[in-house]
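K.L.:
sequence? don't have it. structure:
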């Protein structure tokens, strides 16, 4: 085995411990693998599986080479050794940088040999292939139940006021968590100033494009909780099979690559406002009905009393006259 591959594997073994928060340095936005695992079973026919796999990789690369394409799927089912593959890049990347990350991903998963599945996550992209297609539409399905979310925290704390910094991170990630499932491509990127300081926070949220809005929302909520545990670290990543979330004091995308979250958040606020108005209107209508009902009862009693009094007066008058 080449020395470079051995070194990569050693790094991956150290970095990846499923479900445990890890620490990393903050000096780069490189194509370093953050999480990596191979399938537990070998392909039935390694030769045909390898052929299908590399054909799938070629199709993925061809799709990602087009400007504005950040998500790709491919499959090959020849000779019974099915391969289902997908890759996704962060939307702040150029096509060239996306392909660079994809190529690194391919070189990493190729170390799995004849395993019939593998997944690798990097800052800028991820790649996955399996011999089943459930993960295409439900990456958190039964076959992925054993893959726990992973929080990766930076090893340096913020130099800002911890209270102010923590609040800024919480607010920004909360907006990312809410807005991302409502965006057309399940991706948002935003930045925010930390209090009155010159420090700017950068954050992104991204779900696998083919999942449902509900799955995206639930996945990002889990990621939000993972990153909350990183505070007051200056940066953190949350890796899940269905989504990726990251924040940092250090810019990892350009200032002009942010997404306007206001329309996405206003949609939520409008829905909440509509619910409040609807509930308030219903309550008001109910109170009016109750008030009218009480008034009607009292009116009926008064009417009955009045009619009874008049009748008694008439009878008494009649008796007096008759006598």
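P.N.:
In hand now; what should we look at? In this text the structure is predicted, and so the values were computed from the model without any measurement.
K.L.:
got the phi/psi numbers for residue 182?
P.N.:
In terms of degrees, to the nearest 10, the main-chain angles of residue 182 are phi -100, psi -10.
K.L.:
pick out the residue nearest the middle of the chain.
P.N.:
The centroid of the chain falls nearest to residue 220 when counting by Cα atoms, centre = their mean (2.9 Å).
K.L.:
hmm, residue 245 and that one touching each other?
P.N.:
Yes: here residue 220 reaches residue 245: they are 6.2 Å apart, a contact under Cβ atoms under 8 Å. In short, each C-beta sits where N, CA and C put it, glycine included.
K.L.:
and residue 160, what does it touch?
P.N.:
194, 195, 197, 199 (Cβ atoms under 8 Å, 6 or more residues apart in numbering).
K.L.:
now do the shared contacts for residue 220 and residue 245.
P.N.:
With Cβ under 8 Å, 6+ apart as the test, residue 220 and residue 245 both reach 176, 177, 205.
K.L.:
can you pull the pLDDT of the closest residue to residue 154 other than its chain neighbours?
P.N.:
In space, and not counting its chain neighbours, residue 154 is closest to residue 235: 3.9 Å by Cβ to Cβ, 6 or more residues apart in numbering. Note for residue 235: predicted pLDDT of 97.
K.L.:
neighbour-wise, which of the contacts of residue 160 leads?
P.N.:
residue 194 (20 neighbours; other Cβ atoms under 10 Å).
K.L.:
what residues are up against the closest residue in space to that one that isn't next to it in sequence?
P.N.:
Closest residue to residue 194 in three dimensions, ignoring its sequence neighbours and counting by Cβ to Cβ, 6+ apart: residue 168, at 4.6 Å. Going by Cβ under 8 Å, 6+ apart, residue 168 touches 192, 193, 194, 195, 201.
K.L.:
now, which of those residues sits nearest residue 134?
P.N.:
residue 201 (36.1 Å; Cβ to Cβ).
K.L.:
burial of the closest one, as a residue count?
P.N.:
By the criterion of other Cβ under 10 Å, residue 201 has 24 neighbours.
K.L.:
output the contacting helices and strands for the one helix or strand it maps to.
P.N.:
Assessed by DSSP states H and E, residue 201 sits inside strand 200-207. Secondary-structure packing of strand 200-207 (3 or more Cβ pairs under 8 Å, 6 or more residues apart in numbering; DSSP states H and E): helix 162-179, strand 187-193, helix 213-228, strand 243-248.
K.L.:
walk me through which strands it pairs with, and which way each runs.
P.N.:
Strand 200-207 sits in its sheet next to strand 187-193 (antiparallel), strand 243-248 (antiparallel), going by DSSP bridges.
K.L.:
what residues does the first one touch?
P.N.:
Right, strand 187-193. 70, 90-92, 168, 171-172, 175-176, 179-180, 199-207, 251, 253, 255, 257-259, 261, 264.
K.L.:
list only buried entries from the residues you listed.
P.N.:
70, 90-92, 168, 172, 175-176, 179-180, 199, 201-207, 253, 258-259, 261, 264 (16 or more other Cβ atoms under 10 Å).
K.L.:
sorry, back to before: for the contacts of residue 160, which two are the farthest from each other?
P.N.:
For these, the farthest-apart pair by Cβ to Cβ is 195 and 199; their separation is 8.1 Å.
K.L.:
what sits in contact with each of those two?
P.N.:
160, 165.
K.L.:
any idea of the pLDDT on residue 323?
P.N.:
Predicted confidence (pLDDT) at residue 323: the value is 53.
K.L.:
what of residue 13?
P.N.:
37.
K.L.:
need the three-state assignment for residue 236.
P.N.:
What DSSP: H, G, I helix; E, B strand; the rest coil gives for residue 236 is strand.
K.L.:
which non-adjacent residue is nearest it?
P.N.:
Residue 236 sits nearest to residue 230 (Cβ to Cβ, 6+ apart), 3.5 Å away.
K.L.:
do residue 237 as well
P.N.:
Using Cβ to Cβ, 6+ apart, the closest residue to residue 237 is residue 152 (4.3 Å).
K.L.:
that's a helix at that neighbour, yeah?
P.N.:
No: counting by three-state DSSP, residue 152 is not found in a helix; it is strand.
K.L.:
so how far is residue 123 from it?
P.N.:
Going from residue 152 to residue 123 by Cβ to Cβ, to the nearest Å gives 10 Å.
K.L.:
which neighbouring elements make contact with the helix or strand in which residue 72 is found?
P.N.:
Secondary structure from DSSP H and E places residue 72 in strand 71-76. Secondary-structure packing of strand 71-76 (3+ Cβ pairs under 8 Å, 6+ apart): helix 46-64, strand 83-89.
K.L.:
show me what the residue nearest to residue 154 is bridged to.
P.N.:
Per DSSP bridges, the residues bridged to residue 235 are residue 248.
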